[in-house]
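Asker: Here is the input, now give the coordinates:
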Amino acid sequence: KEKEGVAMPLPDFHRSEPFTLGIELELQVVNPPGFDLSQDSSALIDEVQGTLKAGEAKHDITESMLEIATGVCRDIHQATAQLSAIQQAVLRAASRHHVLICGGGTHPFQSWQRQQISDNPRYLKTVEHFGYLAKQATIFGQHVHVGCQNGDDAIYLLHGLSRFVPHFIALNAASPWLDGTDSGFACSRLNLFAAYPDNGPMPWVNNWQAFTGLFRRLSYTSMIDSMKDLHWDIRPSPRFGTVEVRVMDTPLTIAQAVNIAGFIQIIACWLLTERPFKHQPEDYLLYPFNRYQACRYGLDGINTDVNGGEQRTLREEILQLADRLAPSAHKLNAGSALEAIVRQAKQDRSEPQQMREFVANGNMAFICTGRTLSCIHPKLLELPWTGIVCLAGGYAEINGHAIRDLSMTPSMLQHLAPYLEQSGEVIR
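Answerer: Model prediction:
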């Protein structure tokens, strides 16, 4: 253990093949039929990790989180193949352990107080530093690594990608529900990091040498042992030779995860090839305001130019940017990702908006399950459902009033009992 006050050395920046990709996804492990978060990620990881030919499945800070990650990928197609293979292995293990896996940036009704911290020295130290905030960080994000040749390129790329942080947040926004309530945000997840001392953008430096000085000073706090201890929106990763974008919610599909990764890769190629910006500290003056707009309103959020004050929606900016990115997309064999992002930007309403409008327009939203009413988690019932259909249709209610409630007759139970006894079920 290093002595307090002694600066930890920053490793040299490892040279990577430019624009190679790595994708990390933090997934939710949930227990049916109530669909609260499970605490079983360790069992899944132990079963899956030895079977993977590429990539990995690993812990995150609590036992209800399961992180999957690709290896170094040359393009989005290799990344798709790796993520799909890992996904299938995880789903098979989940089925054997009677749990389910899902995406989304937040669980809609979990209680952070009951989360179990993973048995890992780094996570235990995180709890020591941050207390309850560590358990509150049971939220689920996507991280994308892009390869760089050297540290100076990494710093230029980090500043360039920071201009598009609101766009990345809005495209992957998938956390409208928090603590059993519609938060009103497209992405509520990032709000939970607000109390961290390193929340938001990296402090300004203009080259790798300056960054090594910044890291040395940060390590004096005795809270920073490595780059993994820094939670900036985008950070350099010298050990991997990458820049890591960390602001996105985990999306609902592997396809979206790959598309946003491809979009980031394309922008990175454009930035380092054409060098369209001369970065300066003033670029960050409106950063928190534009970031907030993306979290609150998604693609309809307003992005304000820090120099001239021009304002456009994030969807408008993405569509205007697409033509400039097309050559880089072609170079990287990532045209399908750019096309998908453009289609998404052209959609009038985001998924959170469609969900809200569905209910607001008088449509009926029901929980449908074959289980009994008592098996549905109470916090799930607090969400604004019109009604419930459960017990294989034997029970139904609308707006809290039961309209069907069928009980089993004694003769039904007599016929059912032998089958349950043969299957080893206990009859009470």
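
Asker: Near residue 416, how many other residues are there?
Answerer: Using other Cβ atoms under 10 Å, residue 416 has 13 other residues around it. Quick note: C-beta positions are derived from backbone N, CA and C, even for glycine.

Asker: Spatially nearest residue to it, not counting backbone neighbours?
Answerer: Using Cβ to Cβ, 6 or more residues apart in numbering and skipping the chain neighbours, the partner closest in space to residue 416 is residue 408 (7.6 Å).

Asker: Using the three-state scheme, assign the one you found.
Answerer: Look at residue 408: counting by DSSP: H, G, I helix; E, B strand; the rest coil, its state is coil.

Asker: now it: how far from residue 397?
Answerer: Using Cβ to Cβ, to the nearest Å, we find residue 408 at a distance of 19 Å from residue 397.

Asker: now swap in residue 14 and tell me
Answerer: Distance from residue 14 to residue 397, by Cβ to Cβ: 59 Å.

Asker: between those two, which one's more packed in?
Answerer: For residue 14 versus residue 397, the count of surrounding residues by other Cβ under 10 Å is larger for residue 397: 19 against 15.

Asker: contacting residues around that one?
Answerer: 387, 388, 403 (Cβ atoms under 8 Å, 6 or more residues apart in numbering).

Asker: If I look at it, what pLDDT would I see?
Answerer: Residue 397 is assigned 89 on the pLDDT scale.

Asker: Over to residue 356?
Answerer: 65.

Asker: Next: the one 5 residues further on.
Answerer: Reported pLDDT at residue 361 in the predicted model: 77.

Asker: how near is it to residue 385?
Answerer: Distance from residue 361 to residue 385, by Cβ to Cβ: 15 Å.

Asker: Neighbour count for those two, which is higher?
Answerer: residue 385 (17 against 7).

Asker: thought that one was touching residue 366?
Answerer: Yes. Residue 385 is within contact range of residue 366, at 6.2 Å (criterion: Cβ atoms under 8 Å).

Asker: what's in contact with the helix or strand hosting residue 212?
Answerer: In this structure, residue 212 sits in helix 208-219 according to DSSP states H and E. Contacts with helix 208-219, where a contact means Cβ under 8 Å, 6+ apart, come from 6-8, 10, 13, 150-152, 154-155, 203, 205, 224-225, 227, 230, 236.

Asker: Would you show me how to pick out the buried ones of these in ChimeraX?
Answerer: Listed next is the ChimeraX selection for buried residues among the contacts of helix 208-219, using 16 or more other Cβ atoms under 10 Å:
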select :8,10,13,151,152,154,155,205,224,227,230,236
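
Asker: For the spatially most central residue of the chain, give me its contacts.
Answerer: The geometric centre of the chain, computed from its C-alpha atoms, lies nearest to residue 141 (Cα atoms, centre = their mean), at 1.9 Å. Going by Cβ under 8 Å, 6+ apart, residue 141 touches 26, 105, 189, 246, 247, 248, 249, 250.

Asker: Looking at residue 246 now. What's its pLDDT?
Answerer: Taking residue 246 on its own, its pLDDT is 98.

Asker: Kindly report the same for residue 349.
Answerer: What the model reports for residue 349 is a pLDDT of 69.

Asker: can you offset everything so residue one is 705?
Answerer: I'll keep to 705 as the first residue from here, and by that count the last item is residue 1053.

Asker: hmm, back to that, filter the contacts of helix 912-923 down to the ones in helices?
Answerer: Taking DSSP state H, the ones among those that sit in helices are 855, 856, 858, 859.

Asker: Okay, and the beta partners of the residue nearest to the centre of the chain?
Answerer: Taking DSSP bridges, one obtains residue 953 as the residues bridged to residue 845.

Asker: Correct me if wrong: residue 860 contacts residue 975.
Answerer: Yes. The criterion here is Cβ under 8 Å, and residue 860 meets it with residue 975 at 7.3 Å.

Asker: any chance you could map the strands in the stretch 1005-1132 of the chain?
Answerer: 1006-1008, 1015-1017, 1070-1072, 1091-1094, 1099-1102, 1105-1109 (DSSP state E, counting those that start in this stretch).

Asker: Since that was my last question, I'll sign off now.
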